[in-house]
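1. What follows is a predicted protein model with its sequence.
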Amino acid sequence: GESVGLHLPTLSVQEGDNSIINCAYSNSASDYFIWYKQESGKGPQFIIDIRSNMDKRQGQRVTVLLNKTVKHLSLQIAATQPGDSAVYFCAENFPYSSASKIIFGSGTRLSIRP
Amino acid sequence: DAGVTQSPTHLIKTRGQHVTLRCSPISGHKSVSWYQQVLGQGPQFIFQYYEKEERGRGNFPDRFSARQFPNYSSELNVNALLLGDSALYLCASSRDGRNTGELFFGEGSRLTVL
């Protein structure tokens, strides 16, 4: 299927350190990529997006890097805080339809050590 | 401002029954999308509606159907429920339904099929 993976990879970081979450996307024709954060019991929340004509975009404490050559996306979170604990999904748009169809990856669970 | 609202938040059904899930988009948003999120996986696209017309459909059986009303709210219907339909059903709205725009998700309706 388009969303693969039954086991969430996990990342554990020390509070205050930087976190880097990596993602490989599937379709070289995708031109829009998004990172979502999903806390327990809640719906996904938009963090940051990037279009394929860019390779880096910065937000508040977050940076997204896009490497189209190897179809790789990463999310960097600076000075990780306890409130950053969540599952993080990378997502790409489905380029062969006008529909607003977003394809999600399997997610990475970020936990913060005090 | 109210975000995307979904109802019911939780429900339990038995195999073979039918379920209707409801979604109200953010005021001013004309597009509603539905996603299914099975435990431990990323959300999977089911439908998108824009201006009351189906814009896209994911790889789901005909037991799944949806519609959008003149006030842009939406219903997702699932007939002949199977155990595998147990999931969190997420509704997302966007202003114009483009596949390069930000989606705003609700908290979801958690369906358990026994």
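-> In hand now; what should we look at?
2. going forward, measure contacts and count neighbours with C-alpha atoms only.
-> Fine.
3. lowest-pLDDT helix or strand in chain B?
-> One helix or strand of chain B scores below all others by mean pLDDT, DSSP states H and E: strand B:53-57, with a mean of 91.
4. and that one, C-alpha only, in PDB?
-> Extracted in PDB, the C-alpha atoms of strand B:53-57 (Å, rounded to 0.1, in the frame of the first residue of the first chain):
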ATOM      1  CA  GLU B  53     -18.300  17.200  -5.600                       C
ATOM      2  CA  GLU B  54     -16.000  14.200  -5.200                       C
ATOM      3  CA  ARG B  55     -12.500  15.300  -6.300                       C
ATOM      4  CA  GLY B  56     -10.600  12.100  -5.500                       C
ATOM      5  CA  ARG B  57     -11.000   8.600  -4.100                       C
END
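5. what about the residue of chain B found nearest chain A, how many neighbours?
-> Closest residue of chain B to chain A, CA to the nearest CA: B:N99 (3.8 Å). Residues within reach of B:N99, counting by other CA atoms under 10 Å in any protein chain shown, total 20.
6. Please tell me I have it right and it contacts A:I103.
-> No - using CA atoms under 8 Å, B:N99 is not in contact with A:I103; the gap is 10.8 Å.
7. Touching the strand or helix carrying B:S33 from outside, list them.
-> Assigned by DSSP states H and E, B:S33 belongs to strand B:31-37. For strand B:31-37, contacts defined as CA atoms under 8 Å, 6 or more residues apart in numbering or on different chains pick out A:100, B:25, B:43-51, B:68, B:72-74, B:76, B:87-97.
8. Pull up the pairing partners for it, direction included.
-> Strand pairing for strand B:31-37, determined by DSSP bridges: strand B:44-50 (antiparallel), strand B:87-94 (antiparallel).
9. Same question for the shortest one: list its buried residues.
-> What it means is strand B:44-50. Across strand B:44-50, burial judged by 16 or more other CA atoms under 10 Å in any protein chain shown covers B:44-50.
10. can you give me the angle it makes with strand B:53-57?
-> Between the axes of strand B:44-50 and strand B:53-57, defined by axes from the mean of the first three to the mean of the last three CA atoms, to 10 degrees, the angle is 160 degrees.
11. Put the alpha carbons of strand B:44-50 into CSV.
-> Taking C-alpha atoms only, strand B:44-50 is exported to CSV below (Å, rounded to 0.1, in the frame of the first residue of the first chain):
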residue,chain,number,x,y,z
GLN,B,44,-4.5,6.7,4.3
PHE,B,45,-6.5,8.8,1.9
ILE,B,46,-10.2,7.8,1.5
PHE,B,47,-12.0,10.7,-0.2
GLN,B,48,-11.8,14.4,-1.0
TYR,B,49,-14.8,16.6,-1.6
TYR,B,50,-14.6,20.1,-2.9
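12. For that strand, give the mean pLDDT please.
-> On average, the pLDDT along strand B:44-50 is 94.
13. now do the last one
-> Here strand B:87-94 scores 96 as its mean pLDDT.
14. Can you pull the residues that touch both of B:N99 and A:I103?
-> Counting by CA under 8 Å, 6+ apart, the contacts common to B:N99 and A:I103 are A:93-94.
15. least trustworthy helix or strand in chain A by mean pLDDT?
-> Scanning chain A with mean pLDDT, DSSP H and E, the lowest is strand A:102-104, at a mean of 90.
16. And the contacts of it?
-> Against strand A:102-104 from outside (CA under 8 Å, 6+ apart): A:2-3, A:89-94, B:42-45, B:99.
17. hmm, which of these are the buried ones?
-> Buried members of the contacts of strand A:102-104, counted by 16+ other CA under 10 Å: A:3, A:89-94, B:42-45, B:99.
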